[in-house]
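# A predicted structure for the sequence below; I have some questions about it.
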Amino acid sequence: MRRTSVSLPTKHVRHDPHEKPNRYDSGHREPGIVEKLQGATMNQAQKSRWLKTGAIVVFLVFLFYYLSPKGVDIYQGVSHNGGQVPSDSSYGTERCTKSFSKDKPIVQYVLMIDAGSTGSRIHVYKFNNCGPTPELEKEEFKMTEKSVGGLSKYKDDPMAAAKTLDDLMEVAMKTVPDKLKGCSPVAVKATAGLRMIGSEASEKILETVRSHLEKDYPFPVVSREENGVAIMDGSDEGVYAWITTNYLLGKIGGPDQSPTAAIFDLGGGSTQIVFEPTFKGAAHGGMPEKLAEGDHKYDLKFGGRNFELYQHSHLGYGLMTARNSIHLNLLHDIYAKEKNTNFLSKPILNHPCINAGKTDKIKVKLDENSPLGTGVIELNVTGPATPAPAQCRALAEKILYKDADCKLAPCSFNGVHQPSLAKTFAKEDVYIFSFFYDRTKPLGMPDSFTLRELHDLTNAVCGGEESWDAFTNIPDALDELHGRGEYCLDLNFMIGLLHSGYDMPIDREVKIAKKIKGNELGWCLGASLPLLSKNSGWSCKVSQTY
């Protein structure tokens, strides 16, 4: 503020020439009482102006503070667009004291709910931005009780379905700091279970879930446009699992430029394959120069790099659906020989894929084209007196339909195009998980083995108890074998799928894993990472400090 000086009029009088000049008047005399009062009044006015000026300055500083990144809008970068939080050390990380980039928060949380057919699971991921790529610092995980079941169990009561997620959301409420809840997105990805109950019922459940999360919880829900609460496409499931695996391995999102790993995920209803094929030297090898166009091609941008991936989700080739197909093919083969269904009435039916010398009870779902009728039948089956792994493998490979019409060569199985693994992905890492892990690790298989070793394991399991001596020193392995009469079938399908189906060389090495660096493999982490970026389909709810 500019200061203004005020001059007061003075009375001119004679003065003694010997008097000392006085600074208050040009006549060099001692001011009288009036002048003294006038001077005092001027000083008081000046003080008043100073006080007013100081108050204005304090108010402006106060206002500026609360309009700064630590005030009304605590989010740096683009306000309410991508969810930025203060880049200081007050948000629960010990890895660093400030964010690597001023446009990124030091800590971010993402909530991902996997709504499966048998139950739902929540992953609460905590990331820090201490480096150029978000680092997964911690993960909280919880799944619903078995008795609760999945969302599809409540097809006639959408609100009851939505309420099954409350126990999971309680984990998020306890884990995410209050200051960050409004800027920690939540997404719900449903798998095949909801698809099976029909579009009308599934849409009602998903809309009720969205409404429940938006109204009753402080977390922003990812938008409809970004499929925040939706049934997940099979291709996304595989690609997200690929992102998870390679992110945890440090092969994407960081300085490592080494070849990425392939993933083979075996679920209950489908199996996914995703890898980054290389066509170097293709012109001299009779191969295409690049990945052909089509639904199998997936262009991915991640961590400043572009990836051209091959992906495919083989519906109907998960372990549970494959089991049913193998059982059904056996029954159809018997029917073709006997020309009647009398064999279904036998007390026990011979089955080459049941562990040798063991009996088991199986349920087979008949399809609408089956000559045996429709519905579900229950049969008592027994394994062969003499092990017959080759017969079982033949049944397993039969459902792959290797001779199906291949419209875009080369094909893997069932007429599906796939670049040759031997030619375009010969030496890179291959990770197989989910049921691949669940059926091999309990029997003592190491973290890395060849398909030939998997073949040998399959023969040993199918050989029955006489061949199980090799498992006596492996904790709980014999309990596993005795408890699963279809172990021989499961392993035969796996070796058939990898070797015959995907055309993976028999001496190719694969790796099994359930976790990498203490974090679960699967699609959930891969689906969460994109939500850390700006403009990823959600808006921050926070508009004031806490």
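Structure's in. What do you need? Numbers count the residues shown, from 1 in each chain.
# residue 511 should be in a helix, yeah?
No - Residue 511 sits outside any helix when classified using DSSP: H, G, I helix; E, B strand; the rest coil, being strand.
# residues contacting it?
429-432, 447-448 (CB atoms under 8 Å, 6 or more residues apart in numbering). The C-beta positions use only the backbone N, C-alpha and C, and glycine is treated the same way.
# show the buried residues in these.
Buried by 16 or more other CB atoms under 10 Å: 429-432, out of the contacts of residue 511.
# picking up where we left off before, pick out whichever of the contacts of residue 511 sits closest to residue 176.
Nearest to residue 176, judged by CB to CB, of the contacts of residue 511 is residue 431 at 30.3 Å.
# got the phi and psi for the closest one?
Note on residue 431: its backbone torsions stand at phi -110, psi 130 [degrees, to the nearest 10].
# against residue 153, how distant is it?
With the distance defined as CB to CB, to the nearest Å, residue 431 ends up 32 Å from residue 153.
# show me where pLDDT drops low in the stretch 201-350 of the chain?
In the predicted model, the stretch 201-350 of the chain carries pLDDT under 70 at residues 281-287.
# mind listing the strands for it?
229-231, 262-266, 270-275, 297-302, 305-315, 349-350 (DSSP state E, counting those that start in this stretch).
# may I see the buried residues of stretch 215-223?
217-223.
# so residue 168 touches residue 119, yeah?
No - Residue 168 is beyond contact range of residue 119, at 10.0 Å (criterion: CB atoms under 8 Å).
# the two - which one has more neighbours?
Higher neighbour count among residue 168 and residue 119: residue 168, with 23 against 20, using other CB atoms under 10 Å.
# now do the contacts for residue 270.
192, 234, 237, 313-318, 321.
# picking up where we left off before, between residue 168 and residue 119, which contacts overlap?
143-144.
# wait, which of the contacts of residue 511 is closest to residue 242?
residue 431 (9.3 Å).
# list the contacts for that closest one?
245, 261-264, 510-513, 521.
# swap in 6 Å and give it another go.
245, 261, 263, 511 (CB atoms under 6 Å, 6 or more residues apart in numbering).
# wait, doesn't the second one sit right on residue 432?
No - under the criterion of CB atoms under 6 Å, residue 261 is not in contact with residue 432, lying 10.6 Å apart.
# ok, residue 398 to residue 111 distance?
43 Å.
# in the contacts of residue 511, find the pair that's most separated.
Going by CB to CB, the pair spanning the contacts of residue 511 furthest: 430 and 447, at 12.5 Å.
# and residue 433, that's in a strand?
Yes - counting by three-state DSSP, residue 433 is part of a strand.
# wait, doesn't it sit right on residue 521?
Yes - at 5.0 Å, residue 433 and residue 521 qualify as touching, with contact defined as CB under 6 Å.
# which neighbours do these two share?
Joint contacts of residue 433 and residue 521 (CB under 6 Å, 6+ apart) are residue 513.
# give me the low-pLDDT residue ranges for the chain?
1-92, 192, 281-287, 543-546.
# domain ranges for it?
With domains defined by automatic domain parsing, the chain comprises 32-66, 325-388.
# so who does residue 138 touch?
residue 126.
# give me the beta-bridge partners of it?
On the basis of DSSP bridges, residue 138 is bridged to residue 126.
# rewinding a little: which of the buried residues of stretch 215-223 sits closest to residue 366?
Nearest member of these to residue 366, counting by CB to CB, is residue 222, at 40.3 Å.
# ok, now how distant is the residue lying closest to the closest one once chain neighbours are set aside from residue 369?
In space, and not counting its chain neighbours, residue 222 is closest to residue 228: 2.7 Å by CB to CB, 6 or more residues apart in numbering. Separation of residue 228 from residue 369 (CB to CB) stands at 38 Å.
# between the two, tell me which one has more neighbours.
residue 228 (22 against 7).
# and the more buried one, what does it touch?
Residues in contact with residue 228 (CB under 6 Å, 6+ apart) are 187, 221-222.
# give me the neighbour count for the closest residue to residue 347 other than its chain neighbours.
Spatial nearest neighbour of residue 347, excluding adjacent residues (CB to CB, 6+ apart): residue 380 at 6.3 Å. Residue 380 has 13 neighbouring residues, counting by other CB under 10 Å.
# these two touch, right, residue 380 and residue 348?
Yes - counting by CB under 6 Å, residue 348 is a contact partner of residue 380 at 4.9 Å.
# now the element after the helix or strand harbouring residue 452, going C-ward?
Using DSSP states H and E, residue 452 falls within helix 451-462. Sequence order places helix 477-483 as the next helix or strand after helix 451-462, per DSSP H and E.
# please spell out which residues along that following helix are buried.
477, 480-481.
# how about stretch 438-454?
439-440, 442-443, 445, 449, 451, 453-454.
# distance between the ends of it?
13 Å (CA to CA, to the nearest Å).
# now do it: everything it contacts.
Outside stretch 438-454, the residues touching it (CB under 6 Å, 6+ apart) are 474, 477, 480, 490, 495, 498-499, 506-509, 511-512.
# just flag the most distant two among the residues you listed.
It's 480 and 507 that sit farthest apart of the contacts of stretch 438-454, by CB to CB, at 26.7 Å.
# please report how far residue 170 lies from residue 111.
Applying CB to CB to residue 170 and residue 111 gives a distance of 12 Å.
# now residue 298
25 Å.
# which one's more surrounded, these two?
Using other CB under 10 Å as the criterion, residue 298 and residue 111 rank with residue 111 on top: 29 against 19.
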